[in-house]
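Asker: Got a sequence here, can you model it:
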Amino acid sequence: MIKDNQKILNRIHVLIDAVIVICSYMLAWYLKFESIFSDIEPNVGYLTQEQYFQVLIVLVPGYLILYYTFNMYKPKRTTGRQFEVINILKANIVGIICFMGGLYLIGEQNISRTMAAMFLVINCTLTTVSRLLIRKLLRLFRKKGYNLKHMLLVGYSRAAEEYINRIMANPQWGYHICGILDDKVPAGTRYKGVKVLGRIDNLEIILPENKLDEIAITLALENYDRLEELVTMCEKSGVHTKFIPDYNSLIPTRPYTEDLMGLPVINIRYVPLTNTLNLMAKRAVDIIGSFVGIIISSPIMLIAAVLIKCSSPGPVIFKQERVGLHNKSFQMYKFRTMREQEPSEEEKAWTVKGDPRVTKVGRFLRRTSLDELPQLFNILTGNMSLVGPRPERPLFVEKFKEEIPRYMVKHQVRPGLTGWAQVNGYRGDTSIRKRVEYDIYYIENWSMSLDIKIMFLTIFKGFINKNAY
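Answerer: Below you'll find the model as predicted:
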């Protein structure tokens, strides 16, 4: 069973990590004191080689404890590589801080701080490389059908189908779904090759056989009255049990929970930008970024204004009502890219491929997204942000909020000049549903680093818009 495999893998991980810590420390010592790059004279120094290496007696177990604390020995079938790399960096930074702090407390001033810095870099590098190689090797084995985790789904529901979809799409995770138990769907029914084996009561017969690594409770909403009974039954058997709720359209992927005097409370939506400090930090970046952007892009805006004025009659700046933060409307600025028209004609729909209303200059401005530069003034005045969901016109907001679940969530933050949906290709004449998915992901997972990432992606691949007509 996979439980035995996991124990062996954890022991191998611990052994490899211990060896890497030792090798990294010894290599750092060699580079500092014995290599051609050394600036220390031979046999001159406060501590001997033996004294330096005695530190490993404390350093190795200390680092292994830190790795355990930072969840580096937990199964990582479904987690991304970046999370493991981040944990490695965190553990090593905390480790070196504790190491240097310990030296200070005991009054040891003779261990080279340069060597300690070398050890930090080498250990991070070697540990990361080893973990990525092991991860790649394990995923290769799992794809070939080895080291599989056998599991059973209890309950046929939308959650069960979504879970099966993800398992089938990621064979490298190493999950094998043996079947489904359900009271309403007939035995023999299949979903993507996974068979309904029988009724839920059959679980009492299956569990004592002890051939399963995991049970996933995927009951439909109407069957939640059996949830406590099933959890109790599974836990008595000792099989690892997980619960996949059938209301994932309501609960975010990382729910924000509160402890109300022992009563767990799940918030339907957690928006990091409701935090005052986060909001102030983002607004400060918006003000500075928009101000600098206006100064840098002013020659381009001047040239664009002249070309627009010369190419067709009408104003240079086009103002359009959009819906922003807290569903409040504002006037969004753009360079005019169409021939002048009646408001009733303009409000019929957005532009499509080959739209005759778009001028030649306007088509170029749309393709390169230069028509959106005046929105820097919207950002400066506080109606918009550098990064956020793109704002829509009121008539489309009224339409989409009835057709697309959770559409109005996007109005809990300021709309943006660019956004997570846009840098992933969902802009212009593309799927509104996919845009909303990406917007909600951004809202629920906002961080300053994500904003910076989106801005960089916009610079390198976001200006040319193949879907802009």
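Asker: all strands of the stretch 301-450 of the chain, in order?
Answerer: Ranges of strands in the stretch 301-450 of the chain, per DSSP state E, counting those that start in this stretch, are 317-323, 329-335, 385-387, 416-418.
Asker: Tell me how far the nearest residue to Met26 once chain neighbours are set aside lies from Phe33.
Answerer: Excluding the flanking residues, the one nearest Met26 by Cβ to Cβ, 6 or more residues apart in numbering is Phe53, at 7.3 Å. Where you see a C-beta, it was placed from the backbone N, CA and C, and this is true even at glycine. As judged by Cβ to Cβ, to the nearest Å, Phe53 and Phe33 stand 12 Å apart.
Asker: ok, now Asp259?
Answerer: Using Cβ to Cβ, Asp259 is found at 52 Å from Phe33.
Asker: neighbour-wise, which of the two wins?
Answerer: Using other Cβ atoms under 10 Å as the criterion, Asp259 and Phe33 rank with Phe33 on top: 20 against 8.
Asker: So for that one, what's the pLDDT?
Answerer: If you check Phe33, the pLDDT there is 82.
Asker: For the strands of the stretch 301-450 of the chain, give me JSON lines that also has mean neighbour count, mean pLDDT and distance to Arg135.
Answerer: Formatted as JSON lines, those follow (neighbours: other Cβ atoms under 10 Å; pLDDT from 0 to 100; distance: least, Cβ to Cβ, whole Å):
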{"stretch": "strand 317-323", "mean neighbour count": "17", "mean pLDDT": "92", "distance to Arg135": "44"}
{"stretch": "strand 329-335", "mean neighbour count": "18", "mean pLDDT": "94", "distance to Arg135": "45"}
{"stretch": "strand 385-387", "mean neighbour count": "27", "mean pLDDT": "95", "distance to Arg135": "31"}
{"stretch": "strand 416-418", "mean neighbour count": "25", "mean pLDDT": "93", "distance to Arg135": "33"}
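Asker: His150: which of the ones you listed is closest?
Answerer: strand 385-387 (43.5 Å; Cβ to Cβ).
Asker: Sheet partners, orientation included, of that closest one?
Answerer: Counting by DSSP bridges, the strands paired with strand 385-387 are strand 416-418 (parallel).
Asker: tell me the angle of the lengthiest helix in the chain relative to strand 317-323?
Answerer: Of all the segments of type helix in the chain, defined by DSSP state H, the longest one is helix 276-311. Angle between the axes of helix 276-311 and strand 317-323 is 140 degrees (criterion: axes from the mean of the first three to the mean of the last three Cα atoms, to 10 degrees).
Asker: Please spell out which residues along helix 276-311 are buried.
Answerer: For helix 276-311, the neighbour count (16 or more other Cβ atoms under 10 Å) marks Lys282, Val285, Asp286, Gly289, Ser290, Gly293, Ile294, Met301, Ala304, Leu307, Ile308 as buried.
Asker: what are the ranges of the helices in the stretch 101-250 of the chain?
Answerer: 113-143, 158-169, 203-206, 227-237 (DSSP state H, counting those that start in this stretch).
Asker: about what we covered before: off-centre distance for the strand or helix carrying the residue nearest to Met26?
Answerer: Using DSSP states H and E, the element containing Phe53 is helix 49-54. Here helix 49-54 is found 43 Å from its chain centre; the criterion is Cα atoms, centre = their mean, to the nearest Å.
Asker: What residues sit buried inside it?
Answerer: For helix 49-54, the neighbour count (16+ other Cβ under 10 Å) marks Tyr52 as buried.
Asker: Which parts of the stretch 1-150 of the chain are strands?
Answerer: Assigned by DSSP E, counting those that start in this stretch, the stretch 1-150 of the chain shows strands spanning 149-154.
Asker: where in the stretch 51-200 of the chain is pLDDT low?
Answerer: The stretch 51-200 of the chain contains residues with pLDDT under 70 at 75-80, 143, 145-146.
Asker: contacting residues around stretch 159-170?
Answerer: Residues outside stretch 159-170 that contact it (Cβ atoms under 8 Å, 6 or more residues apart in numbering) are 78, 153, 173, 175, 177, 180, 191-194, 216, 218, 244-246, 248.
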